[in-house]
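Asks: for reference, the sequence and a predicted model appear below.
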Amino acid sequence: MHKFTVLIIEDEKHIYEFMAKALASNGYRTSWAASGKEALSLYTSLCPDVILLDLGLPDIDGMDVIVQIRSWSECPIIVVSARKEESDKVQALDAGADDYLTKPYGMPELLARIRTCLRHSSRNSNGSSAQQPYQAKGLKIDFLKRIVSLDGIHVHLTPIEYKIVALLAQNSGRVMTYTTLLQDVWGPYAEPDNKILRVNMANIRRKLEKNPAQPVYIFTEVGIGYRMIDDEAT
Ligand code: CA
């Protein structure tokens, strides 16, 4: 069986060892880089399937590692950091990180995030991401027909609302920042106006959620963006 390789970029050895042990017992192969420079040189020889990245590194800042890897690779990057500020999360995600987990975290959570990233990257590489319908808890999205249904009943969304929902569903399980959503839905020159997004999200939730104040499909990551519940189909 093919084992996925996880590159762990972490300067503290005991944290690496803890992660490596847990990942190995879940069938992953791991590799360790204790600095940013080591990570960048190791990356090219290793071609990992997922990268777990600590931001506080002894040489280059983790943010720069994201930017450098993203300049030539689509490899999923999950930031695992003690930095809890919203601005750090937003910066990392907008620089190209796929997800963000703050320390301390639970191992089941980390494993779930890794599975989500692997699923998205395998879909992207076989080019079928837009073909497979999304399905979770009675919500179904057919991307080819552009139909959204809830427990089999068609939900009418405006074109903008559909774009937002489709984008979140195609990235389900991952947080999408306000900036990413604004640029993908309204175009690269969209003004950074979160209000228009909030208004649309309020309308979407009224249509999708039984109780919009306690959503089960689309969650708010305060100050960062939105995350849609993971696809059940895979
Ligand atoms: Ca560190």
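Replies: Thanks, I have it.
Asks: so after the longest helix anywhere in the chain, what's the next helix or strand?
Replies: Ordering each helix of the chain by length in residues (DSSP state H) puts helix 107-126 first. Past helix 107-126, further along toward the C-terminus, the next helix or strand under DSSP states H and E is strand 134-136.
Asks: by contact count, what packs against that next one?
Replies: If contacts are counted by 3 or more CB pairs under 8 Å, 6 or more residues apart in numbering; DSSP states H and E, strand 134-136 sits against strand 139-142. For the C-beta atoms, the positions are set from N, CA and C on the backbone; glycine is no exception.
Asks: mind listing what's buried in the strand it packs on?
Replies: 139, 140, 141 (16 or more other CB atoms under 10 Å).
Asks: correct me if wrong: residue 175 contacts residue 94.
Replies: No - using CB atoms under 8 Å, residue 175 makes no contact with residue 94, being 11.2 Å away.
Asks: okay, the two: which has more neighbours?
Replies: Shown here are residue 175 and residue 94; by other CB atoms under 10 Å, residue 175 has more neighbours (22 against 16).
Asks: where's the residue in the chain sticking out farthest from the centre relative to residue 17, distance?
Replies: When distances are taken from the C-alpha mean of the chain, residue 153 lies farthest, 28.8 Å away, according to CA atoms, centre = their mean. Distance, residue 153 to residue 17, by CB to CB, to the nearest Å: 51 Å.
Asks: which positions in this structure make contact with the ion?
Replies: Residues of the chain lying close to the ion (CB under 5 Å from the ion) are 11, 54, 56.
Asks: do that again at 8 Å, thanks
Replies: Contacts of the chain with the ion, taken as CB under 8 Å from the ion, map to 10, 11, 12, 15, 54, 55, 56, 57, 58, 81, 82.
Asks: residue 211: which of those is nearest?
Replies: Closest approach to residue 211 among the residues of the chain next to the ion (CB to CB): residue 81, at 32.9 Å.
Asks: list the contacts of the closest one.
Replies: 53, 54, 55, 56, 62, 88, 92, 100, 101, 102, 103 (CB atoms under 8 Å, 6 or more residues apart in numbering).
Asks: what number of residues lie near the first one?
Replies: The burial metric for residue 53, expressed as a neighbour count using other CB under 10 Å, is 25.
Asks: so it makes contact with residue 68?
Replies: No - with contact defined as CB under 8 Å, residue 53 does not reach residue 68; the gap is 11.4 Å.
Asks: got a pLDDT number for residue 127?
Replies: You'll see residue 127 listed with a pLDDT of 54.
Asks: same check on the one 4 residues further on?
Replies: Among the per-residue scores, residue 131 holds a pLDDT of 70.
Asks: again with the one 4 residues further on
Replies: According to the model's per-residue confidence, residue 135 sits at a pLDDT of 95.
Asks: sorry, back to before: ok, the residue farthest from the centre of the chain to residue 61 distance?
Replies: The value you get for residue 153 to residue 61, if CB to CB is used, is 49 Å.
Asks: and what of residue 173?
Replies: Per CB to CB, residue 173 is found 27 Å from residue 61.
Asks: of the two, which one has the most company?
Replies: residue 173 (21 against 12).
Asks: now the more buried one: how far from the ion?
Replies: Here the criterion is CB to the ion, to the nearest Å. By it, residue 173 lies 26 Å from the ion.
Asks: again, but for residue 26
Replies: Separation of residue 26 from the ion (CB to the ion) stands at 23 Å.
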